[in-house]
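Asker: the sequence and its predicted three-dimensional model are supplied below.
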Amino acid sequence: MAFRLLTLGDVRLLDPSGRAVSFPEKGLLILAYLFAHPHRVQSRSALSRLLWDKVEPAQAFANLRKTLSRIEARQQELGHRFIEITASDIKLDDRPIQCDVVGLQRLASGDALSDLRTLIGLFSRLFLENIETTNNTLSAWISQQQQQHLTRLRETLMDAIPVAKTAADIALVKDAALWIFQHNPDDEMIVAVLAETYSTEGKVQNARNIFDAQKQKLWGKLAPGPDSHALNVVRKGFEKQSGILFAPLYKNKHRSLAKAADTGPKRTVPRLVLLPPVESIAGSQPFLPFADALVEDVTIALCSLTSVSVVAPYTAAQIGRHSDKAETIAQHSISYVLDARLSGHGAQRSLFVQLIYFANDEVIWADRYDMEKDSLAAQRRQMARRISMAITGQIERNELTREYFEQSPTAYHHYLLGQRHLKNLDLPDIRRARKEFRTALRDSPYFSPALSGIARSYSREWLITARGDTELLEEAEKHAIRAIAAGQDMVGGYRELGVAKMLLGGIDESVEALELAETLSPHYADVAADYADTLVHASEPRRALEKIEKAIDLNPLSPDVYLWTAAGASYCLGEYEQALSYINRMADSGLANRLAAASWAMLGNQRRAKTFVRKTRETNPDFNVDTWLAAVPIKEQWQKDHYRDGLRKAGF
């Protein structure tokens with residue numbers, strides 16, 4: 001049995017029987033330093049500077065001589081020599097003594113979960129965390145060691161996540177992430193890991209607390225996350241509906257991030273293609289090789305997973321060059337597409353990546369990574385890890401959601417048909433969509449996505465007809481509440497409730513419901529777009545424009561409704577040319593004829609304004625400014641007056 005030096009937490013020396021023995025405090029620090037040193041040896045001059053950096057070198061040398069004399073005397077008393085002292089150096093003899101941090105240095109089992117378990121056992125406390133010193137050099141060295149330990153734990157955690165399959169594995173991942181989060185709450189990926197593991201365990205409130213704490217840290221009191229009142233808004237709606245049963249999304253709350261062995265029939269493993277990055281601006285050529293290599297790194301990393309089948313880089317490149325990517329992707333039975341684009345100006349470049357679920361063209365995750373030419377090599381590994389982890393978690397989450405959908409394949413089929421019709425902003429297609437959603441409900445009465453779809457169809461009809469028919473909005477609210485009741489963990493119901501509440505004039509309740517929807521699905525472009533629309537009505541056009549630009553960023557081939565919202569926010573800010581620019585980008589700009597007329601009028605171009613007034617009259621001959629503005633919910637009177645002024649100047 002050997003002596004043992006403990007450095008994690010309180011620094012102590014234990015004898016072979018496990019009892020603490022006295023030893024000079026500076027001697028314990030020297031032992032800790034030598035165990036951390038790769039060569040187990042250090043010069044007298046370096047150690048004197050480490051321990052006494054605030055005194056003259058001669059005094060530091062004298063202090064070190066006295067300390068070494070005390071260490072030598074104590075070693076003789078114990079009958080063991082831990083360090084050898086020469087005229088120039090001090091060297092560790094680790095034969096009679098062990099140290100807790102050596103376990104960190106020796107980890108190389110090849111089993112990420114085993115290594116992670118070992119590290120968690122080691123890192124119950126920080127390295128030398130109770131050492132109090134005014135010595136800057138010593139403090140900096142201790143902090144450096146602590147950060148290295150955190151980095152080692154984080155890297156091992158990232159290696160362990162893709163292979164974590166059982167509930168015990170997920171608990172281990174959560175414990176490691178929580179420990180890192182406590183010491184580095186600004187680490188976004190650790191926040192994401194915690195939220196994912198808590199959600200997997202059914203602890204939604206814990207996940208929301210993590211998000212809310214992060215938002216509070218980032219935003220302070222300017223834009224707090226959804227609180228209990230936001231949930232109560234939804235609950236009030238539930239209580240009005242008698243006889244509605246709450247149906248959880250998953251019957252088994254203990255699903256893991258990487259599912260344990262199924263007992264039922266095996267499902268087809270989803271296929272993922274990572275398309276080669278493209279440049280969305282000129283001048284990105286120097287960055288393209290790096291982006292290509294990064295995507296290939298991610299592809300290779302994901303090939304080790306059993307939960308997803310990754311299309312080989314050569315085939316991915318062929319698909320990327322194909323003129324009709326959608327048809328090619330469908331032919332290869334691909335479920336998920338990772339799209340990467342370079343953007344930015346001058347020396348500022350970023351890589352925008354988005355993960356798309358191909359079946360309904362939904363962006364389920366997106367992120368932007370800044371790129372600096374001088375540090376691309378150093379960034380590559382970290383970025384590849386972050387992207388790989390995000391893809392793994394998002395596909396797993398989406399696959400679990402698909403299980404809910406596929407419990408009723410007929411209902412799901414009609415839901416997808418309804419979604420296709422709902423993409424078109426004309427009344428016949430909106431009503432066709434509603435018919436498909438109702439057909440889905442005949443097969444599965446509590447199919448939450450179909451209930452959400454019906455709610456959206458009523459809201460859309462109210463907007464298109466512009467008659468101020470409150471019955472349509474009441475139907476939208478009723479179906480949104482039913483959708484939430486049928487699928488509490490699904491974002492659709494909260495989103496539609498927010499839209500319906502906004503159109504009914506409950507703007508504050510709408511903001512709260514959509515804030516909650518965004519918390520549940522932060523990368524859902526359509527939610528961000530609806531949130532932006534509500535902020536326009538809440539007389540916060542600046543925030544609205546920021547939010548809709550985020551939605552456009554997430555979904556670059558934006559539907560017309562995004563551009564319509566962006567144009568409305570721009571008009572409210574007095575940016576009339578910008579408003580018209582957004583309208584011109586719409587595939588069918590007829591819906592924005594009123595807004596275009598008002599914008600041209602505010603720019604003083606009466607001829608163009610009259611053109612759009614005439615177009616509006618052709619499709620809606622009964623349009624009346626005062627009736628319309630009385631029906632449209634707008635929080636601040638100045639905004640309503642601004643819109644009325646533009647419409648009147650245009651000739652309405």
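Answerer: Structure received.
Asker: please, where are all the helices along the stretch 1-150 of the chain?
Answerer: For the stretch 1-150 of the chain, the helices defined by DSSP state H, counting those that start in this stretch occupy 25-36, 44-51, 57-78, 102-105, 112-122, 136-160.
Asker: next secondary structure after the longest one?
Answerer: Going down the chain from helix 136-160, the next helix or strand is helix 167-183, by DSSP states H and E.
Asker: could you chop the protein up by domain?
Answerer: The chain breaks down into these domains under automatic domain parsing: 3-109, 227-255+408-522, 271-397, 537-652.
Asker: quick one: the helices in the stretch 451-600 of the chain?
Answerer: So, for the stretch 451-600 of the chain - with DSSP H, counting those that start in this stretch - the helices run 470-486, 491-503, 507-520, 525-537, 541-554, 560-572, 576-584, 593-602.
Asker: and those, which is most packed in?
Answerer: Among the helices of the stretch 451-600 of the chain, helix 491-503 has the highest mean neighbour count (mean count of other CB atoms under 10 Å), at a mean of 27. Every C-beta, even on glycine, is put in place using the N, C-alpha and C of the backbone.
Asker: helix or strand with the lowest mean pLDDT in this structure?
Answerer: Every helix and strand in the chain was compared by mean pLDDT, DSSP states H and E; the lowest is helix 228-240, with a mean of 41.
Asker: of all the helices of the stretch 451-600 of the chain, which lies closest to R81?
Answerer: Smallest distance to R81 across the helices of the stretch 451-600 of the chain (CB to CB): 60.2 Å, for helix 507-520.
Asker: helices or strands up against the closest one?
Answerer: Using 3 or more CB pairs under 8 Å, 6 or more residues apart in numbering; DSSP states H and E, the elements in contact with helix 507-520 are helix 204-219, helix 228-240, helix 491-503, helix 525-537.
Asker: TSV please, covering the helices of the stretch 451-600 of the chain and showing mean pLDDT.
Answerer: As requested, those are exported to TSV (pLDDT from 0 to 100):
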stretch	mean pLDDT
helix 470-486	89
helix 491-503	88
helix 507-520	83
helix 525-537	88
helix 541-554	88
helix 560-572	92
helix 576-584	92
helix 593-602	93
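Asker: just so I know, which of those helices lies nearest E84?
Answerer: helix 507-520 (59.6 Å).
Asker: tell me the angle that closest one makes with helix 470-486.
Answerer: Helix 507-520 and helix 470-486 are oriented at 40 degrees to each other (axes from the mean of the first three to the mean of the last three CA atoms, to 10 degrees).
Asker: hey, least reliable of the helices of the stretch 1-150 of the chain by pLDDT?
Answerer: The stretch with the lowest mean pLDDT among the helices of the stretch 1-150 of the chain is helix 102-105, at a mean of 72.
Asker: how about the helices in the stretch 251-400 of the chain?
Answerer: Using DSSP H, counting those that start in this stretch, helices in the stretch 251-400 of the chain cover 288-302, 313-321, 325-331, 376-406.
Asker: kindly provide the whole-number mean pLDDT of the second one.
Answerer: Mean pLDDT, helix 313-321: 80.
Asker: buried ones in it?
Answerer: By neighbour count on 16 or more other CB atoms under 10 Å, the buried set for helix 313-321 is P313, A316, I319, G320.
Asker: what is the nearest of those to L157?
Answerer: P313 (27.2 Å).
Asker: quickly note the distance from the closest one to V278.
Answerer: As judged by CB to CB, to the nearest Å, P313 and V278 stand 15 Å apart.
Asker: does V491 touch T519 like I think?
Answerer: No - using CB atoms under 8 Å as the test, V491 is too far from T519 to be in contact (9.2 Å).
Asker: tell me the contacts of the residue nearest to F61 when sequence neighbours are not counted?
Answerer: Closest residue to F61 apart from its sequence neighbours, by CB to CB, 6 or more residues apart in numbering: S48 at 5.4 Å. Neighbouring residues of S48 by CB atoms under 8 Å, 6 or more residues apart in numbering: P57, A60, F61, N63, L64.
Asker: any quick PyMOL command for the buried ones out of those?
Answerer: In PyMOL, selecting the buried portion of the contacts of S48, with burial taken from 16+ other CB under 10 Å, looks like this:
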select buried, resi 60+61+64
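Asker: report the beta-bridge partners for the nearest residue to H523 once chain neighbours are set aside.
Answerer: Counting by CB to CB, 6+ apart, W365 is the residue found nearest to H523 once chain neighbours are left out, at 4.7 Å. With DSSP bridges as the criterion, W365 is bridged to L355.
Asker: give me the pLDDT for W365.
Answerer: 80.
Asker: burial of it, as a residue count?
Answerer: Neighbours of W365 under the rule other CB atoms under 10 Å: 25.
Asker: same deal with R12?
Answerer: R12 has 14 neighbours, counted by other CB under 10 Å.
Asker: list the contacts of it.
Answerer: L5, L6, A20, L28.
Asker: repeat for D89
Answerer: Neighbouring residues of D89 by CB under 8 Å, 6+ apart: V41, Q42, S43, R44.
Asker: how many residues are close by the last one?
Answerer: By the other CB under 10 Å criterion, the neighbourhood of R44 contains 18 residues.
Asker: and stretch 126-144, what's buried?
Answerer: Those would be L126, F127, L128, I131, N135, L138, W141, I142, for stretch 126-144 by 16+ other CB under 10 Å.
Asker: wait, isn't the last one in contact with N130?
Answerer: What it means is I142. No - using CB under 8 Å, I142 makes no contact with N130, being 10.6 Å away.
Asker: show the end-to-end separation of stretch 11-22, please.
Answerer: End-to-end distance of stretch 11-22 (CA to CA, to the nearest Å): 11 Å.
Asker: what comes up buried for that stretch?
Answerer: Going by 16+ other CB under 10 Å, stretch 11-22 has these buried residues: V11, L13, L14.
Asker: try stretch 331-350
Answerer: I334, S335, Y336, V337, L338, D339, A340, R341, L342, S343, G344, R349.
Asker: can I get the helices of the stretch 451-600 of the chain in JSON lines with distance to F82?
Answerer: Compiled in JSON lines, these are given as follows (distance: least, CB to CB, whole Å):
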{"stretch": "helix 470-486", "distance to F82": "65"}
{"stretch": "helix 491-503", "distance to F82": "60"}
{"stretch": "helix 507-520", "distance to F82": "54"}
{"stretch": "helix 525-537", "distance to F82": "61"}
{"stretch": "helix 541-554", "distance to F82": "59"}
{"stretch": "helix 560-572", "distance to F82": "68"}
{"stretch": "helix 576-584", "distance to F82": "72"}
{"stretch": "helix 593-602", "distance to F82": "80"}
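Asker: and those helices: which comes nearest H37?
Answerer: Distance to H37, taken as CB to CB, is lowest for helix 507-520 among these, at 46.8 Å.
Asker: tell me what angle that closest one forms with helix 525-537.
Answerer: Using the same axes, to 10 degrees, helix 507-520 lies at 160 degrees relative to helix 525-537.
Asker: what angle do helix 507-520 and helix 491-503 make?
Answerer: Between the axes of helix 507-520 and helix 491-503, defined by the same axes, to 10 degrees, the angle is 160 degrees.
Asker: is it true that R543 touches L535?
Answerer: Yes - R543 sits in contact with L535 when judged by CB under 8 Å, with a separation of 5.0 Å.
Asker: and of the buried residues of helix 313-321, the nearest to R431?
Answerer: Closest approach to R431 among the buried residues of helix 313-321 (CB to CB): I319, at 36.4 Å.
Asker: next one: the nearest residue to F181 once chain neighbours are set aside from Q147, what distance?
Answerer: Closest residue to F181 apart from its sequence neighbours, by CB to CB, 6+ apart: I190 at 5.1 Å. Distance, I190 to Q147, using CB to CB: 14 Å.
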